[in-house]
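Chemist: A structural model of the following input is requested.
(one chain, ligands or ions: 2)
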Amino acid sequence: MNILVLGSGGREHALAWAIMQNPKCDRLICAPGNAGMAAIAECAALDINNGSAVIAFCEEVAIDFVVIGPEAPLAAGVADRLQAAGIACFGPSAAAARLEASKAFTKEICAAVGAPTAAYAHFTDAEAAITYIRAQGAPIVIKADGLAAGKGVVVAMNEVEALEAVDAMFAGALGEAGAEVVIEEFMQGEEASFFVLVDGETCLPIGTAQDHKRVGEGDTGPNTGGMGAYSPAPVLTDNVAETALAKIIRPTMAEMARRGTPYQGVLYAGLMIENGAPRLVEYNVRFGDPECQVLMMRLGAQALDLMLACAEGRLGEMAVNWADDHALTVVMAAQGYPGSYEKGSVIKGVEDCPEDSAHMVFHAGTSQQAGQLVATGGRVLNVTARGDTLQEARDRAYGMVDQIDWPEGFCRRDIGWRAL
Ligand code: AMP
Ligand code: GLY
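Modeler: Numbering: from 1, shown residues only. Ligands and ions are numbered 1, 2, ... in the order given. You can find the predicted model right below:
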C-alpha cells in the first residue's frame, strides 16, 4: 500500500522508520519531511494543515493510508476531510482532538465521568482569575485554554508568578490560545506518559514512557518540547496502568462516543502518579515527541498493523508483541533552544553512527544542503538506542552522541536519571 506520513519531526521520522519495515508498505511519502526521512522515503512539499491540499495530493499519488503526526492538522480537521473523501487515516477528528486543543473541554469531560484529575476553575477574564488565585494561594498551575506549542502552562510556585502568568495570558502573550484560562490545583508526584490506541470503542495500551521536559540537567530551567525519553517508565506499573484505564481513559473514551464524537487514533495520557494512584495531567491526541521514538524502537514493524487496525475499527482482534527490553532517546538541540537559536550549522558524524534495530539517529530539524547535514530547527536529532537494561540503552545512546560532531548543539547528559 501507499502511505503518507504528515509531519517533519523526530516523531514522524520514527513512524516512517517503523512503517518502512513492514512488508505491507510499498511506497512511503513524508510531507514535508526532513533529511532523515528523505534518506528512507520520498518527501513532498505540502501544507499539511490544509485539508484540500492533502486530499488533492493523496488522489494524485493514490495514497491508501495517511498517518497524521502533529496536533495542528488534527485540530484543523484534516482527519475529518480525509475520512469524508474515503481515504483511510490514523488520527482523531477535530471534535475528538479537542481533548488536546481545549484544556477546559478536557476538564469538563473528566468532571462528567469522575476521572481523577486536579481540581480546577475556568476563566474568561483576568479579574475573576486573580480573585481565585488570591483565595487558593500557591503553588498553583495556570494554563492557556488553547494550543500554545508547549508554552501555555505556568507552574507557579508563588502567588506573584501566578498573577503575572494570568496578566500575560489575558494581555494576549499567547494570542487566541490564552483568551480563556484554566487554573488548577498543583499535583505532587512523578509524571509518566501512557499511550493507548483507540478505535472508537476498544482501548489497546501500546506502551509507557517518561519524558524530560526541562532544558537543564536534574530537570531544571525552562520547559521544552522534550529533551529525551525512555520506555518503559517503571513508575507506570501494570497496576497503575490498569487503574488509569479503568478510571480515566475508558470512561473518557466511552463519553466521547456517547456524545457522538468517538475517538480514533493514539491517545497520550500524561499522568501524575502519587502512591500508586494516577491522576490525569493532560491528554494529547497524538504520539509524544520524543516519546514516539522510543515506542517505535520497541514496537518496530507491527506499529503499521496496529495503526491500520485502529483506523479500521479492528483493535479488538489485535495484540501487542512487546520487545521485552528498554529504549532511550537523547535529544540534541541547537544552543539557545528553547529560546532563540541559530540555524544553518553543519553536523558531522551522523553517517558513522550504527543503524540497526538497536541503534537509530532520528532526525527532527535537519536538511541536506550542498551535500552536508545542516541544523534547521531547535530540536535537531534524537539519538536512540535499545538495550536489555535501561543502562545499556543509555550507554549505547550516549556512545552515538559522542560520535556526532556538532559544536553548535547540546544535549542533556542525564536522560533516564529517575529510573537509574
Ligand atoms: P501540559 O502542557 O499540560 O503537559 O503541562 C506542562 C507540564 O506542567 C506538565 O508536564 C507538568 O509537569 C506540569 N503540570 C501541568 N499541570 C500540572 C498540575 N496540575 N500540577 C503539577 N504540575 C502540572
Ligand atoms: N514530549 C511531550 C509532547 O510531545 O507533548
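
Chemist: any idea of the pLDDT on the residue lying closest to residue 410 once chain neighbours are set aside?
Modeler: In space, and not counting its chain neighbours, residue 410 is closest to residue 335: 5.5 Å by Cβ to Cβ, 6 or more residues apart in numbering. Backbone N, C-alpha and C define where each C-beta goes, glycine included. At residue 335 the predicted local distance difference test score is 98.

Chemist: residue 335 contacts residue 406, doesn't it?
Modeler: No: Residue 335 is beyond contact range of residue 406, at 9.7 Å (criterion: Cβ atoms under 8 Å).

Chemist: so these two - more neighbours on which side?
Modeler: When neighbours are counted by other Cβ atoms under 10 Å, residue 335 and residue 406 differ, and residue 406 comes out ahead with 21 against 14.

Chemist: mind listing what the residue nearest to the more buried one when sequence neighbours are not counted touches?
Modeler: With Cβ to Cβ, 6+ apart as the criterion, residue 406 has its nearest non-adjacent residue at 4.4 Å, and that residue is residue 347. Taking Cβ atoms under 8 Å, 6 or more residues apart in numbering as the criterion, residue 347 is in contact with 366, 373, 374, 375, 380, 381, 404, 405, 406, 409.

Chemist: from what I see, the second one and residue 349 are in contact.
Modeler: No: with the criterion set as Cβ under 8 Å, residue 373 and residue 349 do not qualify as a contacting pair; they are 9.2 Å apart.

Chemist: so those two - more neighbours on which side?
Modeler: Remark: of residue 373 and residue 349, residue 373 carries more neighbours, 23 against 15, as counted by other Cβ under 10 Å.

Chemist: run through the strands of the stretch 1-150 of the chain in chain order.
Modeler: Counting by DSSP state E, counting those that start in this stretch, the stretch 1-150 of the chain forms strands over residues 2-7, 27-32, 42-43, 65-68, 88-90, 120-123, 140-144, given from the N-terminal end onward.

Chemist: now swap in the stretch 301-420 of the chain and tell me
Modeler: 326-334, 346-347, 359-363, 366-369, 372-375, 379-387, 409-410.

Chemist: export the first one as PDB, just CAs?
Modeler: C-alpha atoms of strand 326-334 as PDB (Å, rounded to 0.1, in the frame of the first residue of the first chain):
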ATOM      1  CA  HIS A 326      14.400  -0.800  27.100                       C
ATOM      2  CA  ALA A 327      14.800   2.100  24.800                       C
ATOM      3  CA  LEU A 328      16.200   5.600  25.400                       C
ATOM      4  CA  THR A 329      16.500   8.700  23.300                       C
ATOM      5  CA  VAL A 330      18.700  11.700  23.800                       C
ATOM      6  CA  VAL A 331      17.600  15.000  22.000                       C
ATOM      7  CA  MET A 332      20.400  17.100  20.500                       C
ATOM      8  CA  ALA A 333      19.200  20.700  20.200                       C
ATOM      9  CA  ALA A 334      20.700  23.900  18.800                       C
END
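
Chemist: switch to numbering from 517
Modeler: New numbering, starting at 517: the last item is strand 842-850.

Chemist: distance check, residue 880 against residue 842.
Modeler: As judged by Cβ to Cβ, to the nearest Å, residue 880 and residue 842 stand 22 Å apart.

Chemist: try residue 527
Modeler: Taking Cβ to Cβ as the measure, residue 527 falls 19 Å from residue 842.

Chemist: kindly report the same for residue 909.
Modeler: Distance check for residue 909 against residue 842: by Cβ to Cβ, it reads 5 Å.

Chemist: give me the more crowded residue out of the two.
Modeler: Neighbours per residue (other Cβ under 10 Å) separate residue 909 from residue 842, with residue 909 holding more: 27 against 24.

Chemist: touching, the more buried one and residue 901? I think so.
Modeler: Yes: taking contacts as Cβ under 8 Å, residue 909 lies within contact range of residue 901: 5.0 Å.

Chemist: so for those two, which residues contact both of them?
Modeler: Residues within reach of residue 909 and of residue 901 at once, by Cβ under 8 Å, 6+ apart, are 843, 844.

Chemist: the closest residue to residue 929 other than its chain neighbours: neighbour count?
Modeler: Using Cβ to Cβ, 6+ apart and skipping residues adjacent in sequence, the residue nearest residue 929 is residue 733, 6.4 Å away. Taking other Cβ under 10 Å as the criterion, the count of residues near residue 733 is 15.
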